[in-house]
Structures are given as structure tokens and as C-alpha cells.
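**Student:** model this:
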Amino acid sequence: MRQIVTEAVFRRKRIFLLTIYLILGLVVAAIFLMHKKYQAEAKLMIQNVRTQAPLSTSPSEHLMQANDVSTTEINNEVDLLQSSGVARRALGMDQQGTNSVADEKDITALEHHLTVEPVHQSSLINVQFVANSPEEATEMLQKIIDAYFQARTEAARAGGAEAFFNAQVQEKGKQLDIDQQELTNFEVAHGIADLDDQKKLQVTRVSDIQNQLLQTAALLAQKQSSTAAVRHQLTLTPPRSKTTVRTITNQYVQEHLGTQLVELENRRTELLKRYPPTDRQVVEINEKIATTQRAAVVAAQNPADETATDVNPVYQQLATSVATSAGEVSGITAQRAQLELQLKDAQARLNELEQATTGYDKLKRKLSQSQADYAVYAQKRDEERIADALDKAKMFDVSLVQPPTASPQPVRPKPVLYLAVGLAFAMLLGTMLALYADTSAEQVYSPAQLDGLTGMRTMATFADEDEGDRFKESNRLEYRRVLVGIRTALGAEQEGSGASSRQANGVEPEAVGADGTTGWAAALSTAARMAKGSMGSPLSGHDEAVVQTKGKPAGYVVAFVSALTGEGVSMLVGNLATEAARQASSRVAVLDMALLMRRFEEKEDVSFAMKYDSAKQCWVLALNGDNGGIVPQRRPTHGQFSARLRPLLVEARKEFDFLFLDCPSLQASTLSTELAVCVDGYVGVVAAGRARKQNLEQMAAVLNDTRVALLGYVLNRRKYVVPGWLHRLIW
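**Tutor:** Numbering: from 1, shown residues only. This next block holds a predicted model:
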């Protein structure tokens, strides 16, 4: 998508730039024609310095947080500033009655030019008003703020609850003194300073003693288990253990037997020189040698052993550990008995405190309730006194921290912002128009467009080499792709073809049929099956050449055709033949079909000869007597051009791996379609930006009607309008 959009912009840069110039011109004109507007600004701060307390006996704990301003409170002030009541006050209208049409218009205009916004994550409110001059904006904003504070004053709550709360404070104070005296008398009678603290300390002591008992029991079990295990291990451990075990080889015996064996063998050698092997002396010496060898083997396999023992240190350690563990078990048992006595004493004291808890808690709760009631009524009395005083002084939670001020610079229009937005919009619109113009054009510029039009994947894309040498190397890679595509479509890689296959290593390959036959019989059976499978249609030129060569590989004939003249078919065919000869070591011939057709029209002769072009490394037509060593084939004397050319191409298939036919365009001649009986497949050549989609659709229909394989399409002479540095940056 990046490539399609970028190429469309550069290809249709006239539309792109014209759109940008037009939009920017309109923006500049709007900037100069727009009336200037000025803005006045003021700031209000909300602080919980006098939050309205409810008339109830509940404590107002939130009053302790002086700076805790909720979003609801800020929104309430914003709504009040934007209300129609404040607008009517600012415009000097009556607060009661029905508005006229003119009044509604003035109120709507004021609300339209007024902007009230809470500052993010703060307790400030920003108030702005836009007018035709700085003085007018400042004056009108000041009227709005004065009207707001006037409405705030009228909404304040009147006092009157101070006397009620004062009487309640006096009554609750007397009850608090009585409850405090009762609790003091109970603590003196039971010897309790602080029951809760004493109970906590006693519970902690009981818990600590229980934990110590559990730890002691676990330690005692561990020691008893360890002692039993060590005693069992002591019964299994021997008092003494081996310290040294040595193995001594019978070296002297082995050396003596070896020397004796050598002497006996030497003796046998001397006897064999004088007596036959069956002689009594030879037999005796053999028995001695065998006896000596067995003795040497026994001596080597039975070395002497020596073993030494000492007192076992493990046995001594186990005995010491058993004695130590027995003493520790006795000490831990005595410690557990003492902890059990301490636990009984702590639990008895805890039960005693629990019995006094009921009465103590009752007096404690009664005192706490009296203290809470007294504190609440005292707080409410003070709140009402403060609220009455603030209402009389007209002091609220909202204060003006920045009076209305106006800047001499207009807020509208904003040239830089408008130009930036206009430029972004112009570039977007220009890109969309360029993309629309490029995709809706009749010409084909990219492989994606060619794929969508033909329904086939483009075999290769060749850049226009006139733009620079940097595209030549990439075009060589595209030629290889075309060759791979042709070989794959025709099956040339699997079957082999032409002279290069027959001449490789001086061995001619032998065809194999489906029924196991080889050579001439396999070729004939293959051709017969193909003829039968095509409902009686004649053999193709390739199959006919295989039959004539008795199953030997034959070459393929591929026709290259374009829709319009001048799409670079000849150059493409020549370079493709050169690349095929260079990379695949194939024998390739290029036939100019327009030249052969003119000769046929002039002389009714289709015979031709081939000469080798060393520059292109391939074979080309030789019609002026220069046959290059290739003898012209037999000359047919009857039939039309394609019928008379077919047997010559069949003969040429035996000598070449590929024959590329440079055909005239469909615009200039219908020769390409007449060659269907001579070729194995067609390759359509499309020059980027030249042929229209209608021409390509007609070419695709014509080639599909020939009933010869359409191998694919190649996009030729494609121009890359994007600069090289930008192309490398984006892709």
C-alpha cells in the first residue's frame, strides 16, 4: 500500500500539487477575510473554607479536610456560571417573566461566546469571553462574574440553630460528669487500672507459655527420636573397620614363567629342524609349553591380597552421641513440667479478669456515648456560629484569583494553525485524488494492476533501462524469473530439452513410457496417449519432434506478443535469450516473425537459416545467405505460412533448447494467433503506461482462444517515478 500510494502521488504530482495550492489559497483568503476576535480571561478558585454543614446530630468529619474539593462541587459552580440566570443578570434583564425573542437572541449569543472550563486536576475554573475588542471582552466578563457572585449570595443558607445546639451541649455535659464518676468508683473497688490492657497482657502471657510448651514438646520428641535412631545405628556398626587393603601381583612368577616359555619355544624350534612334528621329543616339548602357558595365565589371574584393620571412629561417635542425648532428654522433661505450672497460674488470673469485664464494659460504653454526644453538639454549635458570621460577611468558598484581563493579540484567526491544518487536509485530499486518478486510469503501471486485470500473477517486472544503469542488474534477476516461469509451465526442467540435453557428456537420454517401455516405443506410446486424450487433435510440435527423434528430448517454442506496437518485445526477447544462454547453458534461437512474414509475402518462402551472434550468445535469423554453419531445412512448397513453418520449427526443436518467437503486436498483425499450431505457449508483454486496459483485455481474450498455454505476462519498461533516496527510505 505504501508503494501504491507513493507512486500514485509522484505519477500524478500535477493533481497533487494543484490540490495543495488550491486549498492553501482558500485558507489564506479565509484568514484575511475573517473578522478578528479578542478574548478576556479570568480564574476562580474553589476552596472548602466554609462548606455548608447539614442540620443534624451526625458529626461533620469531612470538614477537617479544607482542600478536599470534589468534582461535583466544581461542576455545580461551572453550571451556575453558564446558567441563563447569570446571563440575564449580566445583561441587565429582569429575573422574572417571559423572555422576548430579542432577549433570547442576546442570551444565546452571550452563552456562545462564553467558555467555562475546570482546570484539569485542580480546583480552578477558567472563564473566557470572546468579543470584537479587548475592552468589550473585559467589561462583559466582569459583568458575568459580578452576576455570578450575586446569585451565589442569594443562594446562601440562613442561620438559626445556634440556640438549640447550645442547650444540648449543656445537658450532655452534666451527663458526662455523672458517667465518669461511676467508672472511677468501679476501678477502685476491683483494683483495675485499665482492664483492656491487663487482659491483653495476660492473654499474651498465656499464649507465650503455650508456645513454649509446644516448642518444648517438639524438642523432646526430636531428642527421643534421635536417641533411638542413634542406638539402633550403634547396634549395626562394627567396633573395628578395615583401614588398608592391598593387592600384590605375582610379577616374579610371571617373569620366570615367561623366560621358561621362551626357552621351551626355542627348544621346540630346534627340534622341529631335526625331527618331524610327530616325534616323541617334539610332542613332549609341546606339552611342556602348554603347561607353562596355563601356569602363566593362573599366576596373572590370582594376585595376592593384604588387609589391615583399626578401631571404628563411627562407632565411638555414636556411643558418645547416645550418652549426650540421654542427658538432654532428662533436662527437657523437667523444663516442660515447670512450664505447665506457669500456664495454670496465668489462666487463673485471666479468668478473674474476665468475670469483671461485663460491669466494666457497660460503664465504659455509657461514658463513651456521653463523650460522643457532647462533642457532636459542641461541634454543631460552633459550625452554626461560623456560618452565620460568614453569611453576614458574604464570604463564600469561591474566590476570584485572576480578574478579567484581555490580550491585545486576537485569538481568531490563527494563521499558523489554520495553515498547518489546511496543509494537512490538502495533502490528504491531494493524495486521495492522485490515488483515485491513478487507479481509475486506463493504463497499467504496476504488477498489482496487471494481476487484477489478467487474473494471472505477473511473471516479472522490467524497469525502463533508459532511466539509468541501476536497473540493469535488477532486470537480469527478472529475466531469470521469466525463464524459471517458462520452464515450470512447460515442464522443461523435468523432461530436459533440445541439443543441450542430448549432448551432455556425450550420452543421449532415453525416454521411459508409462508402461515401462523405453526409447522409440516410449515416445510413440506417449504421443499416442496425448493424441487420444485431446480427442483426436494433432500432436504438438514438441511431441512431434520427440516422436521423430525416437524419444530423445526436444526443444520448446515460445511466442512473445504484445497488444500495441513499441512495447519492447524485441529487446526483451533478445535479452532473455542471452540470459538463458549465460545462466542455463542452453542453446537458444531468436526468430523475428515479422521478418519471416515479409519474406513469405514477397517470395512465398518460409525457409530460414540460423547464425550465432557472439554478442548476444544466442542464434538469430540469417536470411541474406549467411547461415552461420546451420544448413537450411527442407523447403515446403505448399500451404499457408503457419502450416509451412511448423515442420521447420519441428526440425529446429531438435537442435535448440528454446526458440523464442519475436511476434508483431496484435495491433499490427494477426500473425501471433496463427502461430498457435507452431508454438508451445504464449507470453504476453505489456509496457507500463502504454497499452490501455481495453487493449489488454482484448489480448487476453485472443490468446485464451488459441487453446495454447498462456504462460503468463511480463510488465516491461516500468518507470519508477519515486526518487531513489525516498524509495530506499520507505522500503
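**Student:** can I assume residue 558 sits in a strand?
**Tutor:** Yes - assessed with DSSP: H, G, I helix; E, B strand; the rest coil, residue 558 lies in a strand.
**Student:** do you know how far it is from residue 236?
**Tutor:** Separation of residue 558 from residue 236 (CB to CB, to the nearest Å): 95 Å. All C-beta atoms are positioned from the backbone trio N, CA, C, and that covers glycine.
**Student:** Please say which of these two ends up with more neighbours.
**Tutor:** The neighbour comparison of residue 558 against residue 236 (other CB atoms under 10 Å) goes to residue 558, with 22 against 8.
**Student:** what's the distance between that one and residue 87?
**Tutor:** Plainly put, residue 558 is 86 Å away from residue 87 if you go by CB to CB.
**Student:** Check residue 47 too.
**Tutor:** From residue 47 to residue 87 the distance is 26 Å (CB to CB).
**Student:** More neighbours: which of the two?
**Tutor:** residue 87 (22 against 14).
**Student:** contacting residues around that one?
**Tutor:** Applying CB atoms under 8 Å, 6 or more residues apart in numbering to residue 87 gives the contacts 107, 110, 111, 114, 144, 147.
**Student:** Wait, a helix at it?
**Tutor:** Yes - counting by three-state DSSP, one finds residue 87 located in a helix.
**Student:** any idea of the pLDDT on it?
**Tutor:** Note on residue 87: pLDDT of 85.
**Student:** and what of residue 691?
**Tutor:** For residue 691, the pLDDT comes out at 80.
**Student:** looking at it, it is touching residue 561, isn't it?
**Tutor:** No - Residue 691 is beyond contact range of residue 561, at 11.9 Å (criterion: CB atoms under 8 Å).
**Student:** so what's in contact with the two at the same time?
**Tutor:** Common neighbours of residue 691 and residue 561 (criterion: CB under 8 Å, 6+ apart): residue 699.
**Student:** in the stretch 101-250 of the chain, which spans are strands?
**Tutor:** Per DSSP state E, counting those that start in this stretch, the stretch 101-250 of the chain carries strands over the ranges 114-118, 124-131, 240-248.
**Student:** Using CSV, write out every CA atom in the shortest one.
**Tutor:** Output of strand 114-118 as CSV, limited to C-alpha atoms (Å, rounded to 0.1, in the frame of the first residue of the first chain):
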residue,chain,number,x,y,z
LEU,A,114,-18.6,32.4,27.0
THR,A,115,-16.4,29.4,27.8
VAL,A,116,-16.3,28.0,31.3
GLU,A,117,-13.8,25.1,31.8
PRO,A,118,-12.5,23.5,35.1
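**Student:** and the closest residue in space to residue 581 that isn't next to it in sequence, how many neighbours?
**Tutor:** Excluding the flanking residues, the one nearest residue 581 by CB to CB, 6 or more residues apart in numbering is residue 617, at 4.3 Å. As a burial measure, residue 617 scores 14 neighbours (other CB under 10 Å).
**Student:** Could you check the pLDDT of residue 617?
**Tutor:** Predicted confidence (pLDDT) for residue 617: 83.
**Student:** My guess is it contacts residue 579. True?
**Tutor:** No - contact criterion CB under 8 Å: residue 617 and residue 579 do not qualify, at 9.1 Å.
**Student:** First-to-last residue distance for stretch 402-411?
**Tutor:** Chord length of stretch 402-411, first to last residue, is 19 Å (CA to CA, to the nearest Å).
**Student:** mean confidence score for it?
**Tutor:** With pLDDT averaged residue by residue, stretch 402-411 scores 83.
**Student:** Run the chain-centre distance for it.
**Tutor:** Distance of stretch 402-411 from the chain centroid (CA atoms, centre = their mean, to the nearest Å) equals 50 Å.
**Student:** lowest confidence element among the helices and strands of the protein?
**Tutor:** Ranked by mean pLDDT, DSSP states H and E, the weakest helix or strand in the chain is helix 519-533, scoring a mean of 39.
**Student:** for the chain, what spans make up the strands?
**Tutor:** Using DSSP state E, the strands of the chain run over residues 38-46, 114-118, 124-131, 240-248, 304-311, 398-406, 460-463, 556-562, 588-592, 609-613, 618-622, 658-662, 681-687, 710-718.
**Student:** Ok, which of those comes nearest residue 175?
**Tutor:** Among these, strand 38-46 comes nearest to residue 175, with 40.4 Å by CB to CB.
**Student:** Mind giving me the packing neighbours of the closest one?
**Tutor:** Secondary-structure packing of strand 38-46 (3 or more CB pairs under 8 Å, 6 or more residues apart in numbering; DSSP states H and E): helix 71-81, strand 124-131, helix 134-154, strand 398-406.
**Student:** winner for burial among the ones you listed?
**Tutor:** Mean neighbour count (mean count of other CB atoms under 10 Å) peaks for strand 124-131 among these, with a mean of 20.
**Student:** how about the helices in the stretch 151-300 of the chain?
**Tutor:** Remark: helices assigned in the stretch 151-300 of the chain by DSSP state H, counting those that start in this stretch are 162-190, 195-236, 251-274, 280-301.
**Student:** Can you check what angle separates the third one from helix 280-301?
**Tutor:** The one in question is helix 251-274. Angle of helix 251-274 versus helix 280-301, following axes from the mean of the first three to the mean of the last three CA atoms, to 10 degrees, is 160 degrees.
**Student:** next one: phi and psi at residue 82?
**Tutor:** With angles defined as degrees, to the nearest 10, residue 82 sits at phi -90, psi 0.
**Student:** quick one on the thing from earlier: now the weakest link among the strands of the stretch 101-250 of the chain, please, by mean pLDDT.
**Tutor:** strand 240-248 (a mean of 69).
**Student:** low-scoring stretches of the stretch 601-731 of the chain, by residue?
**Tutor:** When residues are selected by pLDDT under 70, those of the stretch 601-731 of the chain lie in 623-639, 721-731.
**Student:** Just the endpoints, please. Distance across stretch 116-129?
**Tutor:** The first residue of stretch 116-129 is 9 Å away from its last residue (CA to CA).
**Student:** which residues are contacting it?
**Tutor:** Residues outside stretch 116-129 that contact it (CB under 8 Å, 6+ apart) are 39-47, 67, 69, 74-75, 77-78, 81-82, 113-115, 137, 140-141, 144-145, 401, 404.
**Student:** And stretch 481-494, by the same measure?
**Tutor:** Residues contacting stretch 481-494 (CB under 8 Å, 6+ apart): 459-460, 556, 558, 576, 579-580, 583-584, 657-658, 680-681, 683, 709, 711-712, 714.
**Student:** again, only this time at 10 Å
**Tutor:** By CB atoms under 10 Å, 6 or more residues apart in numbering, the residues outside stretch 481-494 that reach it are 457-462, 495, 497-498, 501, 542, 553, 555-558, 560, 572, 575-577, 579-580, 583-584, 586, 588, 657-658, 660, 680-681, 683, 709-712, 714.
**Student:** Out of those, which end up buried?
**Tutor:** The neighbour-count criterion (16 or more other CB atoms under 10 Å) marks 458-462, 495, 497-498, 501, 542, 553, 555-558, 560, 572, 575-577, 579-580, 584, 586, 588, 657-658, 660, 680-681, 683, 710-712, 714 among the contacts of stretch 481-494 as buried.
**Student:** thinking again about what came up before, right, and the pair among the contacts of residue 87 with maximum separation?
**Tutor:** 111 and 147 (13.0 Å).
**Student:** any residues in contact with both of these two?
**Tutor:** The overlap between the contact sets of residue 111 and residue 147 (CB under 10 Å, 6+ apart) consists of 83, 86, 87.
**Student:** Can you verify my assumption that the second one contacts residue 148?
**Tutor:** Yes - using CB atoms under 10 Å, residue 86 makes contact with residue 148 at a distance of 5.2 Å.
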